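>>> predicted structure and sequence below. I'll ask about it afterward.
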Amino acid sequence: MSDYKHTLNLPETAFPMRGNLAKREPEMLKRWQDLDVYGNLRKQREGREKFILHDGPPYANGSIHIGHAVNKILKDMIVKSRSFMGYDAPYVPGWDCHGLPIEHKVEQEIGKAGVKVDYKTFRQACRDYATKQISGQKADFIRLGVMGEWDKPYLTMDPKVEAGIVRALGKIVAKGHLVRGYKPVYWSVVGQSALAEAEVEYQDKTSTQIDVRFTAVDQAKALSLFGTDNGSGDVSVVIWTTTPWTIPANQAVSLNADLDYALVQADVGQGPERMILAADMVEGIMARWQVESYEVLATCSGAALENLVLHHPIYDKQVPVILGDHVSTDAGTGAVHTAPDHGMEDFEVGKAYNIGTINLVQADGTYTSAAGELAGVHVYKADDPVCSALEREGKLVRSEKFRHSYPHCWRTKTPLIYRATPQWFISMDKENLRADALEAIQGVRWVPSWGKNRIEAMFNQSPDWCISRQRTWGVPITLFIHKETQELHPDTQNLIEKVAQQIEEGGIDAWYELDASSLLGSDAEQYEKVTDTLDVWFDSGVTHESVLRVREELGQFPADMYLEGSDQHRGWFQSSLKTSIAMNGVAPYKQVLTHGFTVDGKGHKMSKSLGNVIAPQEVMNELGADILRLWVAATDYSGEMTVSKDILRQTADGYRRIRNTSRFLLSNLTGFDPEQHMVAPKDMIALDRWMVDRALQLQEELHEDYGNYAFLRIYQKVYNFCEATLGGFYLDIIKDRQYTTQADSLARRSCQTALYHVAEALVRWIAPILSFTADEIWQHLPGKRSDTVFYETWYEGLTALPDNAELGRDYWREMYSVKEAVNKCLEEARARGEIKGSLSAEVTLFCEGDLAADLKHLGEELRFVLITSEASVKPVSEAGDAEMTSHEGLRVKVTPAAHTKCERCWHHREDVGRNAKYDDLCGRCVTNVEGPGEARAYA
């Protein structure tokens, strides 16, 4: 038996089968950096139409987590895909650098500003801390394969950006949106600062709910309002609250004018008494108090009870009954304890009755001396002493613990309180900001589409935005206000610009070190500098002004896209829209893409305590960044994104299919020089020409999918193309021709031409997602080419089948279906032990009409399509016991091959051994080894 290996065109490539990504990716990163791929790409794309994805800045604190990885990978895939579409798509990453978390960390390290260290030293320590955090996060983002302006990111603590933030404030002031108000805001007693709605998250908390008697000062008058003197015991209005710590600040009890109130005789443990409760709630309240015997003595409207005077339940003072629409029968008693210091609705209803605030709670959360016996007590620990005082005074009806969702600071994770303080607000309605924003939302493309409804709901409910904070590490509110009138200086706009210029040179310290007289002259004695800092959401919210407009490589407003997690409808998407509408009257973005949060395989939120955290660093070190990138693409980002080690391993399996397919393409391009060996489309073998056409169709689909950010569809289509179209059909068929025909024959060069076109297209399709792998493939493709795939655009070498092609798209679609049906029959025959493999079989296809004609058209080459040693077509009338198939009108009979196996091509052929010199070869192999070579027309 001879060895014919040297006569075959066996696959060969240096492209390794194993990705070994964890080791190979860092080497590729270094190569990209040495080549300055990003910088060169910017030069190459100069002058092209721009696509600007403006980066929402992550906070400069802590290591990146899987959510950060999702966010940055999605952005990178979009930016790279737009580059392949021919756009100039720069990416300038950014970081949010000011704010409480950094300040808190630095306090732990060096002490509180103004106490342990001076303010300037403290701010520098904050700057140093943020710089260190950015360095760590940046390294991880780069390791993910994210390309961008990493040497010059934008930082909100950059003096030029800080100056831009101040100028943005000036524009908002000039448009009349800034107001100073004294009202309740979310207050962090840990941070001793106000918070905005966007900085609030809800977590479960155990609280105390209490029912409290407010006894009528004039009992007879109270009874007369009900038109009765029946019953016995004191008359009280009973309130219900879940914040006992606010009882000391009570200044009224609110009822609803339109509700009916009942005078109820009952004994709840302190003898007979008469209680005023919402009439519709009496039965439920008595059940909650476990009171079985009670009597409704009379009823009257809430309006009739207005101005009834009540005793405060703890202090020696009197409070009125007032009326408010916020009172409902949803919970409680229908009577609302009202403390204007500690609730927005309380504050508003108090204003209507000229009831102000009394400021019993200090910035650190402790009561002032005006709180009497509670002076010095912290609100976190006040529930028990308040309840004890109520019990002592005989005013506590009922007390019990309950678990509920409660607002917490999203940075410190500590419970918040409502506290009335003087703050700076951007008004939502004074200059029609809300209405203008809602109109602008209509012109933005929201991906997914439900994002539009979500942000509309946020704006409809949004209170005035409190933008002031009482912090050290933040951009200052650079305003001068009159010491007596509290009015802004009349030359505020000019002053803001002068201050901005100084901050641009010296950073925010310039404001704190500024001598007011240097700007105000003699006016300095009448004005004072505002000491508050800006909300960090303002910092990032105005980057459309401080970064987007001013960075030369961006220089485009509005941005084409903002992309963040779904929580940013109440965060960055909202703060950016508010400030842009306030300044420019238009949205800062044309499109907004939202992605969901990551959860584990059981749908649980990632948590260190649960031990279900998937750290991106571990994935990169174990599996490689491309596996993480592929998982992002293969997951529906519009909802929760499920990730686990098992899911990542499954993703790695999908990766291997794409890699192995690419390796097959490369290994069969051995000896192919596209400049010398490329076959013109009109001269290609029919199947090869169809393959190139199929790749073109898919490329057009993928181009649209990339434009719609449909990465899951892209992954599915590319995977199916590799698995089914290539692996299950085309590559399966062409192996025989590729391996056995003469090296420089049309049959082989046509095949290689198709493989080359497919590889050139495929490497670009996957590059935005599998960036490392794509560039590795690029280095192994034949022919002259650029240093990296990222300099390229979509492949333009694909050609369509002409409309009058002898064998068109419909024809090969049918052959695909026929081959699937025959494969199933062959598998069943092999399972029965009738054949060893498809080449040890002969098949007869029984069919009629067009199908029979189409199959016969291939002639002798039908067997190459079906990968059998023999294939024939006969009428259905001769089918006998032939097997029915999934292809309509087709029956198939499989029989073992009747002839000897050719030792070179492994086909069982009748003519094996007819040539004395090659007595173990079939006729066509003899022709390919020593003759003119076989000719192929179709497959």
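Structure received. Not measured: the values here are computed from a predicted model.
>>> who's in contact with Gln168?
Just to correct that, residue 168 is Ala rather than Gln. Phe538, Val542, Glu545, Ser546, Thr579, Met583 (C-beta atoms under 8 Å, 6 or more residues apart in numbering). No exception for glycine: its C-beta is placed from N, CA and C like everyone else's.
>>> how does it look with 7 Å?
Counting by C-beta atoms under 7 Å, 6 or more residues apart in numbering, Ala168 makes contact with Val542, Glu545, Ser546, Thr579, Met583.
>>> by neighbour count, which of these wins?
The residue in those with the most neighbours, by other C-beta atoms under 10 Å, is Val542 (31 neighbours).
>>> show me what contacts that one?
Contacts for Val542 (C-beta under 7 Å, 6+ apart) come out as Ile165, Ala168, Thr579.
>>> name the nearest residue to it, sequence neighbours excluded.
If the residues on either side of it in the chain are set aside, Val542 comes closest to Ala168, at 3.8 Å by C-beta to C-beta, 6 or more residues apart in numbering.
>>> and the one you found, how far from Phe538?
Using C-beta to C-beta, to the nearest Å, Ala168 is found at 8 Å from Phe538.
>>> who are the packing partners of the least confident helix or strand in the chain by mean pLDDT?
When each helix and strand of the chain is scored by mean pLDDT, DSSP states H and E, strand 193-195 comes last, with a mean of 74. Packing partners of strand 193-195 (3 or more C-beta pairs under 7 Å, 6 or more residues apart in numbering; DSSP states H and E): strand 178-188, strand 468-469.
>>> swap the cut-off to 6 Å and go again
If you count contacts as 3 or more C-beta pairs under 6 Å, 6 or more residues apart in numbering; DSSP states H and E, strand 193-195 packs onto strand 178-188.
>>> partner strands of the strand it packs on, with direction?
In the sheet, strand 178-188 lines up against strand 193-195 (antiparallel), strand 417-426 (antiparallel) (DSSP bridges).
>>> show me what counts as buried in the last one.
Neighbour-count burial for strand 417-426 flags Ile417, Tyr418, Arg419, Ala420, Thr421, Gln423, Trp424, Phe425, Ile426 (criterion: 16 or more other C-beta atoms under 10 Å).
>>> do stretch 293-306 as well
Tyr294, Leu297, Ala298, Thr299, Cys300, Ser301, Gly302, Ala304, Leu305.
>>> likewise stretch 702-714?
Leu702, Asp705, Tyr706, Tyr709, Ala710, Phe711, Leu712, Arg713, Ile714.
>>> Val894: which element?
Secondary structure from DSSP states H and E places Val894 in strand 891-896.
>>> model confidence over that strand, on average?
The average pLDDT within strand 891-896 is 97.
>>> same question, stretch 301-319
Mean predicted confidence for stretch 301-319 is 91.
>>> and it, how far apart are its ends?
End-to-end distance of stretch 301-319 (C-alpha to C-alpha, to the nearest Å): 20 Å.
>>> ok, now stretch 890-905?
Taking C-alpha to C-alpha, stretch 890-905 runs 28 Å from one end to the other.
>>> stretch 346-357 now?
Termini of stretch 346-357 sit 10 Å apart (C-alpha to C-alpha).
>>> what lies in contact with it?
Identification of contacts with stretch 346-357 by C-beta atoms under 6 Å, 6 or more residues apart in numbering yields Lys183, Pro184, Gln251, Ala252, Ser254, Ile322, Gly324, Thr338, Ala339, Pro340, Asp341, Ala420.
>>> let's see that with 10 Å instead.
Applying C-beta atoms under 10 Å, 6 or more residues apart in numbering, the contact partners of stretch 346-357 are 181-184, 246, 249-252, 254, 306-307, 319-320, 322-327, 336-343, 418-421.
>>> any quick ChimeraX command for the buried ones out of the residues you listed?
Applied in ChimeraX, the following selects the buried portion of those according to 16+ other C-beta under 10 Å:
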select :183,184,246,249,250,251,252,254,319,320,322,323,324,327,336,337,338,339,340,341,342,343,418,419,420,421
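>>> so which of the contacts of stretch 346-357 are in strands?
The strands, defined by DSSP state E, take in 181-184, 252, 254, 319-320, 322-323, 336-338, 418-421 from the contacts of stretch 346-357.
>>> about what we covered before: out of the contacts of Val542, who's nearest Pro153?
Nearest to Pro153, judged by C-beta to C-beta, of these is Ile165 at 16.2 Å.
>>> that closest one and Gly541, how far apart?
9 Å.
>>> go on, Arg909?
From Arg909 over to Gly541 the distance is 75 Å, taken as C-beta to C-beta.
>>> which one of those two has more residues nearby?
Higher neighbour count among Arg909 and Gly541: Gly541, with 30 against 22, using other C-beta under 10 Å.
>>> run through the stretch 801-939 of the chain and note the low-pLDDT ranges.
Across the stretch 801-939 of the chain, no stretch falls below the confidence threshold (pLDDT under 70).
>>> ok, which stretches of the stretch 701-850 of the chain are helices?
711-720, 731-740, 746-766, 771-780, 809-831, 849-857 (DSSP state H, counting those that start in this stretch).
>>> the fifth one packs against which elements?
With contacts defined as 3 or more C-beta pairs under 10 Å, 6 or more residues apart in numbering; DSSP states H and E, the packing partners of helix 809-831 are helix 686-707, helix 731-740, strand 841-846, helix 849-857, helix 862-866, strand 883-884, strand 891-896.
>>> let me know the closest of the buried residues of stretch 293-306 to Arg469.
Among the buried residues of stretch 293-306, Gly302 lies closest to Arg469 (C-beta to C-beta), at 39.5 Å.
>>> so which helix or strand takes in the residue nearest to Ile314 when sequence neighbours are not counted?
In this structure, Ile314 finds its nearest non-sequential neighbour in Ala389, 5.0 Å apart by C-beta to C-beta, 6+ apart. Per DSSP H and E, Ala389 falls inside helix 383-392.
>>> re earlier: ok now the least confident helix or strand of the chain, how far from the chain's centre?
Put simply, strand 193-195 sits 26 Å off its chain's centre (C-alpha atoms, centre = their mean, to the nearest Å).
>>> immediately after that strand, which helix or strand?
Scanning forward in sequence from strand 193-195 by DSSP H and E, the next helix or strand is strand 200-215.
>>> list the contacts of Asp464.
Residues in contact with Asp464 (C-beta under 10 Å, 6+ apart) are 177, 179, 181, 183, 185, 196, 344, 423-430, 433-434.
>>> can you pull the contacts of Asp688?
The contact partners of Asp688, by C-beta under 10 Å, 6+ apart, come to 679, 681, 730, 734, 737, 747, 749-755, 757-758, 936, 938-939.
>>> how close does it get to Ala939?
Asp688 sits 9 Å away from Ala939, going by C-beta to C-beta.
>>> repeat that for Ile714.
According to C-beta to C-beta, Ile714 stands 29 Å off from Ala939.
>>> got it, and Trp446?
Taking C-beta to C-beta as the measure, Trp446 and Ala939 are separated by 48 Å.
>>> also Ala194?
74 Å.
>>> how many residues are close by the closest residue to His907 other than its chain neighbours?
In space, and not counting its chain neighbours, His907 is closest to Ser869: 4.7 Å by C-beta to C-beta, 6+ apart. Here the number of neighbours of Ser869 (other C-beta under 10 Å) works out to 25.
>>> for Ser869, what are phi and psi?
Main-chain torsions, Ser869, degrees, to the nearest 10: phi -80, psi -20.
>>> got it, and Ile867?
Dihedral angles for Ile867 - degrees, to the nearest 10 - are phi 60, psi 50.
>>> for it, give me its contacts.
Taking C-beta under 10 Å, 6+ apart, we find Ile867 in contact with 732-733, 735-736, 819, 822-823, 826, 837-839, 841, 843, 907.
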